[in-house]
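Novice: Quick one: sequence plus predicted model below, questions after.
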Amino acid sequence: MAAVPGTVHDHDHEHAHHPTGIMRWVTTTNHKDIGTLYLWFSFAMFFVGGLLAFGIRAELFQPGLQFWQPEFFNQLTTMHGLIMVFGAIMPAFVGFANWQVPLMIGAPDMAFARMNNWSFWLLPPAAILLITSFFVPGGAPAAGWTLYAPLTVQMGPGMDLIIFAIHIMGASSIMGSINIITTLLNMRAPGMTLMKMPLFCWTWLITAYLLIAVMPVLAGAVTMTLTDRHFGTHFFNAAGGGDPVLFQHIFWFFGHPEVYIMILPAFGIVSEIIPAFARKPLFGYSSMVYATSSIAILSFIVWAHHMFTVGMPAAGQLFFMYATTLIAVPTGVKVFNWLATMWKGSMTFETPMLFSIGFIFVFSMGGFTGLILAIVPVDIQLHDTYYVVAHFHYVLVAGSLFAIFGGAYYWLPKWTGHMYDEKLGKLHFWLTLIFFNLTFFFMHFLGLAGMPRRIPDYSIQFADFNMVASIGAFGFGLTQLIFLWVVLKCIRGGAKAPASPWEGAHGLEWTVPSPAPYHTFETPPVVK
Amino acid sequence: MGRKCAAGAVLLLGASLAQARQLGLQAPESPIAQQIYDLHSLIFGICVVVFIAVFSVMFYSIFKHRKSLGAKPATFHENTTVEVIWTIVPFVILVSMAIPATRTVLAMKDTSEAEMTIKVTGYQWKWGYDYLKGEGEGISFYSNLTTPYAQIHNEAPKGPEYLLEVDNPLVVPVGKKIRVLTTANDVIHSFWVGALGFKQDAIPGFVRDTWFLAENPGVYRGQCVELCGKDHGFMPIVIHVMNDGDYKQWVAAKKKEIEASRIDPNKTYTLAELKAQGEKVYQSNCAACHQANGMGVPGAFPALSGSKVTTGPVADQIKLVLNGKPGTAMASFKQLSDIEIAAVVTYERNSWANKTGEVVQAADVKALRGATVALK
């Protein structure tokens, strides 16, 4: 965001020949520009997905059908999920990686600068495919973001648009990951061994490997759906020798690592922020690295816990239950390490720290409900109910999104050269925290009492909690406009940020001026 | 949900909060549901204790170790003993959860020695029940939502069992182990009644099983829990659990009813007779998509009123109903009897804007069954 046209020419650098205006952004190979593009893209998609959530919660405000037909309601839930996962959360983390990875390891740019440009510019066409699916005959897909066969075979042409969008976004993610891995393994400043790398870089290194491993799996699953739809194959059709459950196995073999793809970089961001504001080194750095790796490895052997009700044998249920509960161990280690970092520190509570503490507190609740859901008999009661909706919003919103907000506040001074408005930042945090819980906390009770997910209308016993959730959701959505305002305000002006605005922050990114010049670390720094 | 019946009356009195405040799992009404309930209470309890312990530490630290109180930062950044302890202790806690959970998993999977077997078939969007074994063998019927259109569209006050009421509930005897086989006709559905402690996906082309044993007579309600298309939210499950005497009476009455409704397929019916019968079939099977007024939903489900299908060649329409239209939501309805299809086709060809005057007889349908068609 430092790289807004106009401001960039203030910095004195010798590469003044690059295009200006829109072509500057189309042709850029600069990691900071591309990071900015990713972040704005994901922010825009966050509001699109949020708008769909408004539609969902408006319909569920009261029992009965008020605004939408059931078919359109299903399109809203499906597209809300797809846009938030693939359009908002994942690109946001890639944006952070683009901005921060070279700055944190003392590299001049990403390893493959042109491919970096291409991985970003694949995303807008994918987003256009996602959104235009609403306007083709039959509308957007209404089979849920999990795209279970054979329901997907009944969908209209919107489904094909989504399949192509997933292919494109997958290609983008794979290229982005190759870039991040290559940069991290080859371009670290002299003296920065792997075990001296900032934790954010570690979590992204592991995330990038996960992405490369599973995005092709998802591409395979949706391609099979495509050929089942149009070319007479029967991968998921029992009448032709296929099996609908096969889709679920393939999807979740992607889907569970995907969950960690969306949370590991968040762990990394929080592990940068907590030590900075506790003014104390991160507790258990090496155990953090090992815990992250264990989580990533375990993520490949737990996928069927999303499918306990399909009727797998007892041995299968037990294996996936044991493996899933094991994840609680490394996750617990991480939480304990953060607490130990805070312990006997000298803490201050600026907005990044507030979001990080909020993250630990609320994400842990999502972790506990995850443990409860891992227990097969309990999961069989709660599967596909609002309890699950509550659970994954606790980890995805209170987890990933809170960390994204925290990270944005933490690095905004570096990106823009200005301090953000601390008062507004704190207001944004507290309203976000309150409305988040108002929206999702009561969904646990709805799920326990038996409200299925993905329904446009519900029996009257569920009315009160749904109304509360809807009010919370509207509040949550409107609160995010504050964040937009804070960011815009910070780009336009504000107190001048020093090179290192945070007293306790260490790391190479704080050794360059704020805003970070267009080109940094042209001669690598030396890390002792 | 046994108490839901009683609570329904309370609801009518306006005390809707009594139920809205349900915070935990539904009151268990079967041995498995009881085990799950206890398991959840145990694990939830452990989680709450751990949560409070861990976050008391965090909040203590937040309040004590702050710069504004003059706290000086310590410099430690590892401690092997502590790290080993907080790896092993959670592991031990997990094992203590896994042991009772394993026991329940094995009990839930044991469908042997059932006294009755019922096949449950998920359709878009209703349930079909076939009594395969045990008392009542041979009984077979469909179960459709009965909540009126007007209530769903806010044109009439909602009843106490809004969206949880059906025309033909599944009826079972109390205290008997009942094996449930699930399958589906079109897409994946999921058969769930929380108070009875089972949930099993119904997968097209495959048969899966689960079981339950209801301990008390009463009415238990649940819903389809796997997204199955447009009316996923409108295919509830209602189970009447009866004591032995009542159940025997129900079986006798149901068998009589089936006998009486067995229509002579060779008989020729009048237009009026077929239309009357056809309207019922239409409401249960077709109206969800094509709508009661035959206008469909633009962009999603075609109108039948004034359509080429319902006014064109009659044989094509019968074949369409029998075979469905691949790649669309139009499923095959070959599970309906010849007379039902004859009736519904007659109804569709003589309702709304359609005035063909044509009458379709069961024999016409029978002649076309199994005919291969290429529909575009």
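Specialist: Right, received. Where do you want to start?

Novice: burial count for the residue in the stretch 251-400 of chain A that chain B sits nearest to?
Specialist: Residue nearest to chain B within the stretch 251-400 of chain A (CB to the nearest CB): A:Gly311, separated by 3.3 Å. Any C-beta I mention is one placed from the backbone N, CA and C, and that applies to glycine too. Neighbouring residues of A:Gly311 were enumerated by other CB atoms under 10 Å in any protein chain shown; the total is 20.

Novice: tell me the contacts of it?
Specialist: Counting by CB atoms under 8 Å, 6 or more residues apart in numbering or on different chains, A:Gly311 makes contact with B:Thr182, B:Gln200, B:Asp201, B:Ile203, B:Phe206, B:Arg208, B:Asp209, B:Thr210.

Novice: residues in contact with the last one?
Specialist: Remark: with contacts taken as CB under 8 Å, 6+ apart, B:Thr210 is in contact with A:Gly311, B:Met108, B:Thr111, B:Arg179, B:Val180, B:Thr182, B:Phe191, B:Phe198, B:Lys199, B:Gln200.

Novice: go again using 10 Å as the cut-off
Specialist: For B:Thr210, the set of contacting residues under the criterion of CB atoms under 10 Å, 6 or more residues apart in numbering or on different chains consists of A:309, A:311, A:380, B:32, B:108-109, B:111, B:120, B:178-182, B:191-192, B:197-201.

Novice: next one: the second one
Specialist: Under the criterion of CB under 10 Å, 6+ apart, the contact list for B:Gln200 reads A:309-311, A:380, B:108, B:120, B:180-182, B:189-192, B:208-211.

Novice: rerun that using 8 Å as the cut-off
Specialist: The neighbours of B:Gln200, taking CB under 8 Å, 6+ apart as the test, are A:Thr309, A:Gly311, B:Val180, B:Thr182, B:Ser190, B:Phe191, B:Trp192, B:Arg208, B:Asp209, B:Thr210.

Novice: just the fifth one next, same as before
Specialist: B:Phe206 makes contact with A:Ala238, A:Asp243, A:Pro244, A:Val245, A:Gly311, B:Thr183 under the criterion CB under 8 Å, 6+ apart.

Novice: With the first one instead?
Specialist: In this structure, B:Thr182 makes contact with A:311, B:119-122, B:191, B:200-203, B:207-210, judged by CB under 8 Å, 6+ apart.

Novice: avg pLDDT for stretch A:402-416?
Specialist: Confidence over stretch A:402-416, taken as the mean pLDDT, stands at 97.

Novice: what do you get for stretch A:374-392?
Specialist: Mean pLDDT, computed over stretch A:374-392, is 96.

Novice: roughly how far apart are the closest residue to chain B within the stretch 101-250 of chain A and A:Val512?
Specialist: Taking CB to the nearest CB as the measure, the point where the stretch 101-250 of chain A comes nearest chain B is A:Ala238, at 2.1 Å. From A:Ala238 over to A:Val512 the distance is 60 Å, taken as CB to CB, to the nearest Å.

Novice: quick one on the thing from earlier: the residue of the stretch 101-250 of chain A closest to chain B contacts A:Leu246, correct?
Specialist: No - here A:Ala238 lies out of contact with A:Leu246, judged by CB atoms under 8 Å, at a distance of 10.1 Å.

Novice: Just want to know which of these two has more residues nearby.
Specialist: Set side by side, A:Ala238 and A:Leu246 give different neighbour counts by other CB under 10 Å, the larger being at A:Ala238 (17 against 14).

Novice: Contacts only, for the more buried one.
Specialist: For A:Ala238, the contacting residues are A:Pro244, B:Ile203, B:Pro204, B:Gly205, B:Phe206, by CB under 8 Å, 6+ apart.

Novice: Just give me the neighbour total for residue 74.
Specialist: Going with chain A. Residues contacting A:Asn74 under the criterion other CB under 10 Å number 27.

Novice: Correction: the question concerned chain B.
Specialist: By the criterion of other CB under 10 Å, B:Ala74 has 15 neighbours.

Novice: my read: it touches A:Lys280, true?
Specialist: Yes - with the criterion set as CB under 8 Å, B:Ala74 and A:Lys280 qualify as a contacting pair; they are 6.3 Å apart.

Novice: can you list residues touching both of these two?
Specialist: Residues touching both B:Ala74 and A:Lys280 (CB under 8 Å, 6+ apart) are A:Lys344, A:Gly345.

Novice: Going by length in residues, pull out the top helix of the chain.
Specialist: You didn't say which chain, so I picked chain A. Among all segments of chain A classified by DSSP state H, the helix with the greatest residue count is helix A:199-230.

Novice: Actually, chain B is the one I wanted.
Specialist: When every helix of chain B is counted residue by residue (DSSP H), the longest turns out to be helix B:31-64.

Novice: what's downstream of it, the next helix or strand?
Specialist: Taking DSSP states H and E as the definition, the helix or strand that follows helix B:31-64 towards the C-terminus is helix B:80-109.

Novice: average model confidence for that next one?
Specialist: Along helix B:80-109, the predicted confidence averages to a pLDDT of 94.

Novice: ok, now which ones touch the residue in the stretch 401-528 of chain A positioned nearest to chain B?
Specialist: Across the stretch 401-528 of chain A, no residue is closer to chain B than A:Ile455, which sits at 3.2 Å (CB to the nearest CB). Neighbour list for A:Ile455: B:Gln223, B:His232, B:Gly233 [criterion: CB under 8 Å, 6+ apart].

Novice: Out of those, which sit inside strands?
Specialist: Among these, the subset assigned to strands under DSSP state E consists of B:Gln223.

Novice: near chain A too, which of the contacts of A:Ile455?
Specialist: Residues of those in contact with chain A (CB under 8 Å from any CB of the partner chain): B:Gln223, B:His232, B:Gly233.

Novice: Which one of those residues is nearest to chain A?
Specialist: Lowest distance from chain A to the ones next to chain A among the contacts of A:Ile455 (CB to the nearest CB) belongs to B:Gly233, with 3.2 Å.

Novice: can you tell me which residues contact the closest one?
Specialist: Shown in contact with B:Gly233 (CB under 8 Å, 6+ apart): A:Pro70, A:Pro452, A:Arg454, A:Ile455, A:Pro456, A:Asp457, A:Tyr458, B:Leu163, B:Gln223.

Novice: So B:Tyr129 belongs to a strand, correct?
Specialist: Yes - counting by DSSP: H, G, I helix; E, B strand; the rest coil, B:Tyr129 is located in a strand.

Novice: Share the number of residues neighbouring it, please.
Specialist: Around B:Tyr129 there are 23 other residues, counting by other CB under 10 Å.
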